[in-house]
Each structure stands twice: as structure tokens, then as C-alpha cells.
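> no sequence for this one, just the structure:
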């Protein structure tokens, strides 16, 4: 396991990301509130650069008690990264596609120590 | 943390947007192409697009009618906030990028400094490099809706102008760029003229009917056109599209629903009429190519037509074989957008359409549902020869392209 410094915490705004290269690997590091998440920059759909996409909140259908729809709204507590190739969305916390959790991103260990953010990657010696 | 901490390197492209260079956009596809050794394969992309309306003042300067040409010129020089002259378009064009989620569908505003060739040549070369393809067949985009234009003469004006502009100003820029001439199908006599006019034009490898239209493909007025195309030895392609104002599709409230059905529906209707009216029997050497409807509609229609045909043969007396046999033997298909959520269904589809000889790879770049060559290369049930056929050799045979690539 090897450790890589991806920067200081203060470099990450809430709901932002940084994409880094480590050897032949690319990893996206995301901040949501005080938490950090890291995913390999490969979309499970067609291999697109998922982490280089845009960040959007999850979209919900606004259904009332009578099951009538009143359009769509954002759930700002659930934030997705969207693949710029074909638009597949993945929850930044879980790495799962909102409609099919079996389609998911490949995780990378991320740690916060002191004021910095680190990635822990195997086999990079 | 221990002392063996190394810095990660910040990626030069943090977020892909409408100004991102196509080479950066497709960097992962390029890496895949190098890993898989596409350089040793012939890869033909039978359906890619450019946005002709970016060059619309250039295109409309090729309109032959002097009054209409001047109208277009004045319109583009003085009118503000209006769509390109003469085009009808469709409201679905506003939704293609899923609200900014897929930037390359919105716009390619990347920097181009090479002025030796048209900007579209540069963008196409970048896409060809990224996808690892040798030939790219170029189609327009908003013009795909011209079949629904209320002024049938506008389809004639604009398609001839576009064909002339493309073959004179764009295609000469790269031998790998080829096209299927857009036919003004709502005016058969003009479509026939177009076939004759462009039959020997360099870069023209076939003819294109945009499928979004209500003309019956079996009408007698098209027989001279089909005969002429058959005599050229080049195929006729039906390029699918959608039309959200179609009464049945107008019930769909999402682009997702309308697009899923629309791109298949128009070719389902045309194929049904094509087969049941015996066009393959009337013109046995005329090769038809069905573009951008995906593949899952084909086994559905094969089974549906076969089932009904056996009970109502007298309504299709020209047929000497089952409808599905014409569809698998006389018709060619492009794969994109290839439905692959059920690999067993895909394998069955490939078997039913005779994919090893009749299926052609297409990317549909730069649209939101584009496919890289890996969608074919990675299929587990195909052997290498079948993959080579589908990715390029079938297209080379159908279009008469050089199997060693463009020179």
C-alpha cells in the first residue's frame, strides 16, 4: 500500500472534486461536507472519464399523498457525479447508480490526516 | 502517516465541458484503442455527425435558387435570435445534453488553430484519432428533420446545398471522411437528380434518406430512384430520427421515452413497407442500410412480420421467402446505440440478423448515446474474425472502401 498526498482540505470546497494521476491510474477525490470519497476515473458503462464529469444533486419526482406528480425536484443531500460521455450518474457517497446499484464505481481508500487528504493505493511501488 | 508519502499529480483536465478538446474528451477511448491494437484493424465508423448549422451561412451560400440564397444571406446577416435559415428542427434538440450533463452533445467550442482545412475536418480527425477509426461516414444533425419540413422545396434547396458544400469544401480535407448524399426524398424527381449528380463524386459512398417523414417508401414514384441507386452499386441508408410532434410520440413527456421509441419507430414503419411490398424482390441488387435505430427492434419485427405473413400471404404476393429472411439477407444494420443489458438477447439478435456479414459498427459521435469500437471488440460471444468484419470489413465490402484504409 502506498500513500499519495492529494492536497490540503482547504483546497476542496463542499461538493467539489480533484482528479489526480498516480502512475497509469486516474482517481477522482470528492468532498461532501466533512467527508471525502475517492473513485477510479473509469465509468463501468463504457470506460468513460466519470470523475471528469459535472456534479449534480439527485433528481426526484415530486409525488404527493395522492400519488399525483408535481414535477421534479433536487435532493441536495444526495450528490451525483455524472459521466460526461453518456450521462450515467453515480452517488458520490456510495458509488452506485441511482437506478441500478449493481452498476457502481471502483473505490479507492482515502484518508484525512491533519489538514491534508491522502489516497492509499495498492501495488504502486 | 509515514515518510513514504508521494504527491499525486493533478490531472490537466479537471472537468470536461463544451470547450474541451475532442482528444481530451476521448482520451480514454484512445488509450483503449492502443491497448487493443486497433492500428492493425480496419475500423469504419458508419455513422458520425457534424453540426452543419455551425457553418450554416457557408452551407446556404450553396443554395442554387438566387432569391432563396439571398434571403438566407440577409437573414443571417441581420436577424438576431433566430434559428438557422430554412431549418425546421425539433424541440427534442433542446434536451439532448440532459441539462448540461453531457457537454459534447451541446457544443464543441474547442480551440482549432489549423486553418488549412475546414474546422469540421479538424474536429472529425480528432474524433477519428480518439475512437481509433480509419473511415468516418459524416452525417448532418439538424437537417435530419428536413423530411418533416412543410415546404418540400426547402428540403430540395438545403439538401443540394449541403451535399455540394460538404463534398466541395469539407470532404477533400481528409481521405478518411466520406458521406452518404442526403436525398430530398419528399420530392422523388429531385432525389433522382441528386443520385445522378453525385454518383461519381469523390467521397460519396451511398445515399441517405432521413427516416423521419410520412412518405411511404413503396410508392410507385420511388421506383426510378431505387433503380438508379441500384445501378450505382451503392447502398441506400435510412437514417433514423424522431419527431416529437408525431401524434403517438406526443404522449411521451420525456426525451428519454420519446427518443427510445422514435429512433426505432420510423425505421420499423419503413422496413415493414420495404419488405411487405417486395422492394428486395423488385431490386435484388439494391442494398439497404438501417442506421441509428439500435438492434433490438430487428428481431421483434422479424418475428412479428413472419407470424402475420403466414396468415395473410395474399397481401404480400411479391414475397418468395419469409420477411425475416429478407431482413437478414438483403438488409444491413448499424449497431449503435447497441442495447447490451442482456447479453443472451444480444447474441440471439446477432444470430438473427446475420451480424457476421450484415452488421456494421457506428459510433454516432458526438451524440449522447455514442458507442466506441469497444462495444463490439468486448463482446464475449464473437470470434476475432466476426469482430473484424463488424468493425470494418463488412463496411468496406458494402461501400467499396479500401481494406487497408484511406490513402
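Sure, I can see it. Worth saying up front: this structure is predicted, and the values here are computed from it rather than measured.
> Return the residues of chain A in contact with chain B.
Counting by CB under 8 Å from any CB of the partner chain, the residues of chain A close to chain B are A:2-7, A:17-22, A:26-27, A:41-42, A:46-49, A:52-54, A:56, A:82, A:84-87, A:89, A:113, A:118-119. (C-beta placed from N, C-alpha, C; glycine too.)
> Could you tell me which of the residues you listed count as buried?
Among the residues of chain A next to chain B, the ones that count as buried by 16 or more other CB atoms under 10 Å in any protein chain shown are A:3-7, A:17-20, A:22, A:26-27, A:41-42, A:46-49, A:52-54, A:56, A:82, A:84-87, A:89, A:118-119.
> Isn't residue B:178 up against residue B:139?
No - Residue B:178 lies out of contact with residue B:139 (CB atoms under 8 Å); the separation is 10.8 Å.
> Who has more neighbours out of those two?
residue B:139 (25 against 22; other CB atoms under 10 Å in any protein chain shown).
> isn't that one right up against residue B:208?
Yes - with contact defined as CB under 8 Å, residue B:139 reaches residue B:208; the gap is 6.9 Å.
> joint contacts of those two?
Common neighbours of residue B:139 and residue B:208, counting by CB atoms under 8 Å, 6 or more residues apart in numbering or on different chains, are B:180, B:239.
> And residue B:331, its phi and psi?
Torsion angles at residue B:331 (phi, psi; degrees, to the nearest 10) stand at phi -120, psi 150.
> what's the pLDDT at it?
Model confidence at residue B:331, given as pLDDT, is 98.
> swap in residue B:107?
84.
> so what's residue A:72 bridging to?
With DSSP bridges as the criterion, residue A:72 is bridged to residue A:61.
> Kindly report the same for residue A:28.
For residue A:28, the beta-bridge partners under DSSP bridges are residue A:19, residue A:39.
> Now that it has come up, it's in contact with residue A:50, right?
Yes - in this structure, residue A:28 is within contact of residue A:50 by CB under 8 Å, at 7.2 Å.
> can you list the residues of chain B near chain A?
Counting by CB under 8 Å from any CB, chain B comes close to chain A at B:1-2, B:4-11, B:13-17, B:25, B:27-29, B:32, B:98, B:100-104, B:368-372, B:374-375.
> Inside helices: which ones of these?
Those of the residues of chain B next to chain A mapping onto helices are B:25, B:27, B:28, B:29, B:32, B:103, B:104, B:374, B:375, per DSSP state H.
> and the residue lying farthest from the centre of chain A, which of the three is it?
No residue in chain A sits farther from the centre than residue A:66, which is 34.6 Å out by CA atoms, centre = their mean. Classification of residue A:66 by DSSP: H, G, I helix; E, B strand; the rest coil places it in coil.
> Look up how far residue B:309 lies from it.
Per CB to CB, to the nearest Å, residue A:66 is found 47 Å from residue B:309.
> For stretch B:277-293, which residues meet the burial criterion?
By 16+ other CB under 10 Å, the buried positions in stretch B:277-293 come out as B:277-281, B:283, B:286-293.
> Which members of those residues occur in strands, if any?
Mapping these onto strands (DSSP state E) picks out B:288, B:289, B:290, B:291.
> out of those residues, which one sits closest to chain A?
residue B:291 (19.3 Å; CB to the nearest CB).
> Surely that closest one is in contact with residue B:335?
No - assessed by CB under 8 Å, residue B:291 is found out of contact with residue B:335, at 10.0 Å.
> intersection of neighbour lists for these two?
residue B:362.
> which of the residues in stretch B:241-260 are buried?
Neighbour-count burial for stretch B:241-260 flags B:241, B:242, B:243, B:244, B:246, B:249, B:252, B:255, B:258, B:259, B:260 (criterion: 16+ other CB under 10 Å).
> Now do it: distance from first to last residue.
One end of stretch B:241-260 to the other measures 10 Å (CA to CA, to the nearest Å).
> State the mean pLDDT of it.
95.
> helices and strands around the helix or strand in which residue B:122 is found, which ones?
Assignment of secondary structure by DSSP states H and E places residue B:122 within helix B:119-131. Counting contacts by 3 or more CB pairs under 8 Å, 6 or more residues apart in numbering or on different chains; DSSP states H and E, helix B:119-131 packs against helix B:22-25, helix B:27-36, strand B:44-49, strand B:135-139.
> which stretches of the stretch 151-300 of chain B form helices?
For the stretch 151-300 of chain B, the helices defined by DSSP state H, counting those that start in this stretch occupy B:152-165, B:188-198, B:223-232, B:255-276, B:279-282, B:297-311.
> got a list of contacts for the first one?
With contact meaning CB under 8 Å, 6+ apart, helix B:152-165 is reached by B:52, B:55, B:58-65, B:68, B:86-87, B:140, B:143, B:146-147, B:149, B:179, B:181-187, B:190, B:194, B:198.
> Mind checking which of those residues are buried?
Buried among the contacts of helix B:152-165 by 16+ other CB under 10 Å: B:52, B:55, B:59-60, B:62-63, B:68, B:86-87, B:140, B:143, B:146-147, B:149, B:179, B:181-187, B:190, B:194, B:198.
> Next, count neighbours for the closest residue to residue B:96 other than its chain neighbours.
Spatial nearest neighbour of residue B:96, excluding adjacent residues (CB to CB, 6 or more residues apart in numbering or on different chains): residue B:105 at 4.7 Å. Counted with other CB under 10 Å, residues neighbouring residue B:105 total 22.
> do the same with residue B:403
Residue B:403: 12 neighbours (other CB under 10 Å).
> list the contacts for it?
B:42, B:392, B:393, B:396.
> pLDDT below threshold where in chain A?
Along chain A, segments meeting pLDDT under 70 span A:124-125.
> Kindly list the main-chain dihedrals of residue 79?
No chain specified, so I'll use chain A. Per-residue torsions, residue A:79: phi -120, psi 130 (degrees, to the nearest 10).
> Leaving out sequence neighbours, find the closest residue to it.
Excluding its sequence neighbours, the residue lying closest to residue A:79 (CB to CB, 6+ apart) is residue A:92, at 5.1 Å.
> Test my guess that the one you found contacts residue A:80.
Yes - assessed by CB under 8 Å, residue A:92 is found in contact with residue A:80 at 6.5 Å.
> Name the residues contacting each of those two.
In terms of CB under 8 Å, 6+ apart, residue A:92 and residue A:80 are both contacted by the residues residue A:55.
> what about the closest residue to residue B:139 other than its chain neighbours, neighbour count?
Distances taken as CB to CB, 6+ apart place residue B:49 nearest to residue B:139, at 5.1 Å, with adjacent residues excluded. Neighbour count for residue B:49, taken as other CB under 10 Å: 22.
> show me what contacts residue B:49?
B:138, B:139, B:140, B:141, B:364, B:365, B:366, B:367.
> Most neighbours of all these, which one?
Most neighbours among these, by other CB under 10 Å: residue B:365, with 27 neighbours.
> count of neighbours near residue 39?
I'll assume chain A. Neighbour number of residue A:39 under other CB under 10 Å is 23.
> could you do chain B instead?
Residues lying near residue B:39 (other CB under 10 Å) number 11.
> do residue B:34 as well
Neighbours of residue B:34 (other CB under 10 Å): 11.
> and what of residue A:117?
23.
> Residue B:82: neighbour count?
8.
> Figure out the helix or strand that the nearest residue to it once chain neighbours are set aside lives in.
By the measure of CB to CB, 6+ apart, the closest residue to residue B:82 outside its immediate chain neighbours is residue B:75, 7.4 Å from it. In the assignment (DSSP H and E), residue B:75 maps to helix B:66-78.
> All set, thanks.
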